[in-house]
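Participant: here is my input, please return the structure:
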Amino acid sequence: MKKITITLILLITSFVSFSQTTEVDENVGDNELKINMTNLIAFKWVDVTYEHIINEESSFGVGVLVALDDEDTGLDEYRTFSLTPYYRHFFSNKYAEGFFVEAFTMLHSGKDEYLEFDGASGTNIEREETYTDFAVGVSAGFKIVSRRGFVAEVYLGLGRDLLNKSDLEVVGRGGLSIGYRF
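Facilitator: Numbers count the residues shown, from 1 in each chain. So this is what the prediction gives:
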């Protein structure tokens, strides 16, 4: 765990130092395709995001998360799929980068596992139910873009489930994503 934390700190520090470069190349477009490396490494989730830049201070996007493994992996372990549209507002003099705040919604599904006592046999039986729920939340983060379009961002957020279909009351959103602006 210490190695992962140190590696993440070094990556973030190096990305922030690269953000001191000159303006983005005019050939770089208003679309981004990114993958959340934290979710891939820590949870075995493929989390891919498409983002479209509206103007210098706002963007909207959608993320799709799919679990690669059925095993429980820790935090928010039961999520198997999510679709997460979002809107971001940037607080920087640079074109759609720097510190941002986002509002998001998340349609997510997964499985709940629990033990149920069977009175007839006198034993506990493991049960599994699938669910689909809808959450609304906010995130904050920081994005940097190189002159040639390489994108790196770090973000963290929380959302509240509204339908009460799962044992989860809140959902998490966050990680370190890398990608390309085109």
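
Participant: quick one: low-confidence parts of this structure?
Facilitator: 1-27, 70-77 (pLDDT under 70).

Participant: quick one: the strands in it?
Facilitator: For the chain, strands defined by DSSP state E occupy the ranges 31-36, 45-55, 58-67, 79-90, 98-118, 123-145, 150-161, 170-181.

Participant: measure how far the fifth one is from the centre of its chain, please.
Facilitator: Computed by CA atoms, centre = their mean, to the nearest Å, the separation of strand 98-118 from the middle of its chain amounts to 12 Å.

Participant: same check on the fourth one?
Facilitator: Its chain's average C-alpha position is 7 Å from that of strand 79-90, according to CA atoms, centre = their mean.

Participant: now that strand against strand 123-145, angle please.
Facilitator: 30 degrees (axes from the mean of the first three to the mean of the last three CA atoms, to 10 degrees).

Participant: now mean neighbour count too, for the strands of the chain, in a markdown table please.
Facilitator: All C-beta spots, glycine's among them, are computed from the backbone N, C-alpha and C. Output for those, formatted as a markdown table (neighbours: other CB atoms under 10 Å):
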| stretch | mean neighbour count |
| --- | --- |
| strand 31-36 | 19 |
| strand 45-55 | 17 |
| strand 58-67 | 17 |
| strand 79-90 | 19 |
| strand 98-118 | 16 |
| strand 123-145 | 16 |
| strand 150-161 | 18 |
| strand 170-181 | 19 |
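
Participant: show the contacting residues for the nearest residue in space to residue 159 that is not next to it in sequence.
Facilitator: Take residue 159 and drop its neighbours on the chain: the residue closest to it by CB to CB, 6 or more residues apart in numbering is residue 137, 2.4 Å away. Residues near residue 137 by CB atoms under 8 Å, 6 or more residues apart in numbering: 103-106, 157-160, 171, 173.

Participant: pull the most distant pair out of the residues you listed.
Facilitator: Farthest-apart pair in the contacts of residue 137 is 103 and 171; separation 14.0 Å (CB to CB).

Participant: ramachandran angles for the residue of the chain most remote from its centre?
Facilitator: Seen from the C-alpha centroid of the chain, the residue lying at the greatest distance (CA atoms, centre = their mean) is residue 120, 44.5 Å away. Main-chain dihedrals, residue 120, degrees, to the nearest 10: phi -70, psi -40.

Participant: look up how far residue 129 lies from it.
Facilitator: 21 Å (CB to CB, to the nearest Å).

Participant: list the beta-bridge partners for residue 45.
Facilitator: Applying DSSP bridges to residue 45 yields these beta-bridge partners: residue 67.

Participant: try the one 10 residues further on
Facilitator: Applying DSSP bridges to residue 55 gives these bridge partners: residue 58.

Participant: can you tell me how far it is from residue 39?
Facilitator: Residue 55 is 29 Å from residue 39, by CB to CB.

Participant: cool, and residue 46?
Facilitator: 8 Å.

Participant: residues in contact with both of these two, list them for me.
Facilitator: Looking at what touches both residue 46 and residue 39 (by CB under 8 Å, 6+ apart), the common residues are residue 65.
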